[in-house]
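Q: predicted structure and sequence below. I'll ask about it afterward.
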Amino acid sequence: MFQNIYYGKRVLITGHTGFKGAWLSVWLHSLGADVAGFSLDVPTETNHFELLELPKKIKDFRGDIRDRNALAKTIDEFKPQFIFHMSAQALVRKSYLDPVETFETNVMGMVNLLDLVRTRDWIDVAVLITSDKAYRNDEWCWGYRETDALGGHDPYSGSKSCADLVAHSFYHSFLKESKTRIAITRAGNVIGGGDWAADRIVPDCIKAWSKGETVSIRSPLATRPWQHVLEPLSGYLLLGAKLYQNQEGLDGEAFNFGPEASVNQTVSELLDAMATRWPGVHWSVPEGFEVGGKEAKLLKLSCDKVLFHLNWQAVLGFNDTVAFTVDWYRNWLESKSNIYEFTLSQINRYCELAAKKNYVWIS
């Protein structure tokens, strides 16, 4: 898989205790990589990272991405060949409550990382994860391309567009002629088992439904390109592998990772699909549900560039995405004892489906 490039390699994940970071840690560990993570702390009381017992399987460094010295100490001790930068304040509503922390974490975190990367040419690859919300969202009916304008009406989106610009600036100022190859990735509306963050549709539902409660829904008609967490992760891993091989047309570029255009459903449609695999659940839409910040109603990406350069496509359709997600949470609720094994089984099942479609990264 990924031409066995990650086997035996030292891979650092910033934000490894988060939802996506924990999934990536499991996948890389299963590929035989020597995995380390750098994070401030676990993000929630119940969290995927601890349920997976990852501290027993990977190196667990703790520190604030805003603390350049702490990050430098970790990088110099572990000496990673690959870095996947995921550390972020990733919640839109929290960005309204604390915009300073959001900008400091997302912008200065990127500055600190790249300022260290540029002086350590033994780092082969850095894959920098930002967000689809880095685009200035005019709520077009077509997908945003990597050349479209960046921006952001809310502090989170603004911070992500700034981080994207920081990466672009560092590349052209310091890294274009270096041995280290970098790329920016943009993906959003990722769902899947193990996400416990506040103010996200799936975790909010699971927290309520696991107690037999009704969940309140803020924006039932908001449309999103829902994708399972393994979709962008497969893209990040493929991109990292191709950067390592120095494939032309990748270094310093930005790439969107998202589902097919048809996978673009409303929150209400997502809830209906989840309910088919979790009978008896309920939700409601209270009055004034948009108080506390306007949420975009429509946001989708064009993935033509990554299809052209990497031949990457999403594996799962909408129903499979929902099935993977709900099945994980039901296993957690009913079992609680085999979280790592079940998570790994979903990775393996995802790879089996990719193999049936002859996707290039499976070899």
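A: Alright, I've got the coordinates.
Q: next one: the worst-scoring helix or strand of the chain on mean pLDDT to chain centre, how far?
A: Confidence across the helices and strands of the chain bottoms out at strand 223-224, with a mean of 82, counting by mean pLDDT, DSSP states H and E. Mean-position distance between strand 223-224 and its chain equals 17 Å (C-alpha atoms, centre = their mean, to the nearest Å).
Q: counting contacts, what elements does that strand pack onto?
A: Taking 3 or more C-beta pairs under 8 Å, 6 or more residues apart in numbering; DSSP states H and E as contact, the helices and strands that strand 223-224 lies on are strand 265-266. (Glycine included, C-beta is placed from N, CA and C.)
Q: strands paired with the strand it packs on, and their directions?
A: The pairing partners recorded for strand 265-266 under DSSP bridges are strand 223-224 (antiparallel).
Q: show the subsequent helix or strand relative to the partner strand.
A: The C-terminal neighbour of strand 223-224 among helices and strands, as given by DSSP states H and E, is strand 227-228.
Q: quickly list what Val35 is bridged to.
A: For Val35, the beta-bridge partners under DSSP bridges are Val11.
Q: next one: phi and psi at Asn256?
A: Listed backbone geometry of Asn256 is phi -90, psi 140, with angles given as degrees, to the nearest 10.
Q: who's in contact with the least confident helix or strand of the chain?
A: Identification of contacts with strand 223-224 by C-beta atoms under 8 Å, 6 or more residues apart in numbering yields Gly188, Asn189, Asn264, Gln265, Thr266, Val267, Leu270, Lys297, Leu298, Leu299, Lys300.
Q: what segments of the stretch 151-300 of the chain are helices?
A: Under the criterion DSSP state H, counting those that start in this stretch, helices of the stretch 151-300 of the chain are mapped to 155-170, 201-209, 230-244, 267-277.
Q: now tabulate the ones you listed in a markdown table and tack on mean pLDDT and mean neighbour count.
A: As requested, the helices of the stretch 151-300 of the chain are arranged in a markdown table below (pLDDT from 0 to 100; neighbours: other C-beta atoms under 10 Å):
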| stretch | mean pLDDT | mean neighbour count |
| --- | --- | --- |
| helix 155-170 | 96 | 22 |
| helix 201-209 | 92 | 21 |
| helix 230-244 | 98 | 24 |
| helix 267-277 | 92 | 18 |
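Q: any chance of TSV for these, columns distance to Ala222?
A: What follows is the helices of the stretch 151-300 of the chain, written out as TSV (distance: least, C-beta to C-beta, whole Å):
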stretch	distance to Ala222
helix 155-170	15
helix 201-209	9
helix 230-244	20
helix 267-277	5
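Q: and Trp27, which of those is closest to it?
A: Evaluated over these, closeness to Trp27 peaks at helix 230-244, with 6.2 Å, by C-beta to C-beta.
Q: now do the contacts for the nearest residue to Asp304 once chain neighbours are set aside.
A: Counting by C-beta to C-beta, 6 or more residues apart in numbering, Asp304 lies nearest to Arg145, which is 7.4 Å off, once chain neighbours are set aside. If a contact means C-beta under 8 Å, 6+ apart, then Arg145 has Asn256, Ser302, Asp304, Lys305 as its contacts.
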